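Below: sequence and its predicted model.
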Amino acid sequence: MSRQPIYLDHAASTPLRAEAGEAMLRVMSECFGNPSSVHRWGRAGRAALERARERFAAAIGAEPAEVVFTRGGTEADNLALLGAARLVPGCAVACSAVEHKAVLTTAHALAGEGHALHVLPVDGEGIVRLDAVSAALTERPAIISVMWANNEVGAVQPVEQVGALCRQAGVAFHSDAVQAFGKLEVRVDRTPVDLLSFSGHKFGGPRGVGALYVRHRTWLAPLIHGGGQERGLRAGTEDVAGAVAFALAAEMAEAERDWEAARLGGLRDRLEAGLRARVPELAVNAAGAPRLPHVCSVSVPGVEGGLLLAALDVEGIGVSAGSACSSGALGVSHVLTAMGVSPGSGPAVRFSLGRTTTAEEVERVLEAFPALVGQLREMAAA
Ligand SMILES: Cc1ncc(COP(=O)(O)O)c(C=O)c1O
């Protein structure tokens with residue numbers, strides 16, 4: 001009997017929670033009215049949408065009016081950066097060097113539009129340097145963006161401190177919390193942050209549904225113009241079913257966060273210890289940083305990254321090279337480069353654990369991975 005495949009790429013995308021899928025189907029058939037319509041069908045859609053907004057807002061300690069639903073994390077990041085910078089022609093913007101491409105490429109697009117861009121360096125563990133944040137603040141940027149936790153190596157950034165520095169300087173602070181939500185406490189009533197990005201498919205919600213938290217009195221220019229939906233910040237008929245499923249999945253992720261993070265952290269530690277013991281010269285990236293509990297990035301010298309991923313896939317083990325969103329490129333990623341990891345360290349493999357991950361799966365990976373690396377190293381040597 002063939003063994004079940006093992007999915008260890010939850011940082012790329014998670015399976016939809018059954019409850020979220022059911023809610024989506026129900027809302028699609030029962031609340032199909034356009035939320036902007038005045039009749040009963042429209043009012044039913046509006047009520048479902050606003051209830052979803054309230055529920056998500058409660059999960060992050062926000063006011064409902066501070067939640068803007070978007071078509072995913074990338075759009076939320078774009079709205080934050082472009083929206084803040086385009087209000088102030090020629091202003092500076094700053095972001096860390098290890099941001100997801102949704103932020104980094106957007107920041108570079110702003111540089112192309114004539115904005116001065118400060119890319120903030122990180123230390124060898126992937127943590128943004130606070131002295132660089134302070135230096136950038138003297139330029140009075142319109143926005144500073146430092147992610148809550150990194151998608152590739154899991155390093156958790158000092159958002160409290162960055163937020164405090166930004167507050168002192170009166171500069172808007174955006175953080176991409178796409179990977180952090182559901183794993184760490186992400187609350188806007190306890191953290192000095194003005195803009196926060198979320199993505200449903202990272203916590204068991206639907207793909208293509210996200211949100212941007214916009215603190216009261218943080219001003220943004222919309223990217224999409226039209227009927228003025230989402231308080232004028234995101235035009236287009238709202239995806240009510242998506243928003244309901246997103247909010248439900250967020251509530252569920254938040255309810256199980258403490259014990260699930262502890263469970264995943266235990267499995268991740270077991271995986272890491274086993275890999276270190278069994279694969280000579282393997283290095284764990286950002287090992288010294290505070291990290292997300294479910295992410296483990298390792299560099300493996302002496303093998304070809306593409307072959308290793310393909311061999312793992314044949315073995316039924318799904319992981320990514322660095323981050324999945326740029327896994328077309330198997331070179332050293334911008335994140336590892338910023339951390340000073342040399343190409344000689346070998347290709348990086350990211351294991352990311354999630355709700356479906358079991359201890360037995362981790363043991364199976366600990367059998368298979370070292371053997372595959374050994375075979376590929378022998379082939380390379382031959
Ligand atoms: C940190 C981070 N930000 C943004 C995104 C993009 O989110 P979405 O896939 O919803 O566009 C991702 C997805 O991998 C991510 O990991």
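Alright, I've got the coordinates. Numbering: from 1, shown residues only.

hey, let's count contacts and neighbours off CA atoms from now on
Fine.

Give the residue spans of the stretch 51-200 of the chain that score low on pLDDT.
Nowhere does the stretch 51-200 of the chain drop to pLDDT under 70.

Flag every residue of it that's near the ligand.
Contact residues (CA under 6 Å from any ligand atom) of the stretch 51-200 of the chain with the ligand: 72-74, 100, 102, 150-151, 176, 178-179, 199.

so which of these is the most crowded?
The most crowded member of those, judged by other CA atoms under 10 Å, is residue 199 (31 neighbours).

tell me the contacts of residue 288?
residue 125 (CA atoms under 8 Å, 6 or more residues apart in numbering).

And residue 70, by the same measure?
By CA under 8 Å, 6+ apart, the residues touching residue 70 are 76, 209-212, 234.

Return the subset of those lying in strands.
Of those, the ones assigned to strands by DSSP state E are 210-212.

Include distance to the ligand, pLDDT and neighbour count when you put those into JSON lines, please.
Formatted as JSON lines, the ones in strands among the contacts of residue 70 follow (distance: CA to the nearest ligand atom, whole Å; pLDDT from 0 to 100; neighbours: other CA atoms under 10 Å):
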{"residue": "210", "distance to the ligand": "6", "pLDDT": "98", "neighbour count": "28"}
{"residue": "211", "distance to the ligand": "9", "pLDDT": "98", "neighbour count": "28"}
{"residue": "212", "distance to the ligand": "11", "pLDDT": "98", "neighbour count": "27"}
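
Between those residues, which sits nearest residue 128?
Of all the ones in strands among the contacts of residue 70, residue 128 sits closest to residue 212, with 22.4 Å by CA to CA.

right, and the closest one touches residue 71 too?
No - under the criterion of CA atoms under 8 Å, residue 212 is not in contact with residue 71, lying 10.0 Å apart.

Show me where the stretch 151-300 of the chain has its helices.
Taking DSSP state H, counting those that start in this stretch, the helices of the stretch 151-300 of the chain run over residues 159-169, 240-255, 257-278.

tell me the most buried of these?
Across the helices of the stretch 151-300 of the chain, the average number of neighbours (mean count of other CA atoms under 10 Å) peaks for helix 240-255, which reaches a mean of 25.

which secondary structure elements does that helix contact?
Under the contact definition 3 or more CA pairs under 8 Å, 6 or more residues apart in numbering; DSSP states H and E, helix 240-255 sits against helix 18-30, helix 40-60.

residues making contact with it?
With contacts defined as CA under 8 Å, 6+ apart, helix 240-255 is touched by 17, 19-21, 23-28, 31, 45-46, 48-49, 51-53, 55-56, 59, 69, 181-182, 200, 203-206, 209-210.

are any of those residues buried, and which?
Neighbour counting with 16 or more other CA atoms under 10 Å marks 17, 20-21, 23-24, 27-28, 31, 45-46, 48-49, 51-53, 55-56, 59, 69, 181-182, 200, 203-206, 209-210 as buried within the contacts of helix 240-255.

Which parts of the stretch 1-150 of the chain are strands?
6-7, 67-70, 93-96, 117-120, 143-145 (DSSP state E, counting those that start in this stretch).

Go through the ones you listed and name the closest to residue 320.
With CA to CA, the closest approach to residue 320 among these belongs to strand 6-7: 10.4 Å.

Kindly check the end-to-end length of stretch 274-291 for me.
For stretch 274-291, the separation between the terminal residues is 18 Å (CA to CA, to the nearest Å).

just how off-centre is it within its chain?
Distance of stretch 274-291 from the chain centroid (CA atoms, centre = their mean, to the nearest Å) equals 22 Å.

Likewise for stretch 244-255?
Stretch 244-255 has its C-alpha centroid displaced from the chain centroid by 16 Å (CA atoms, centre = their mean).

swap in stretch 281-300?
Taking mean C-alpha positions (CA atoms, centre = their mean), stretch 281-300 and its chain are 17 Å apart.
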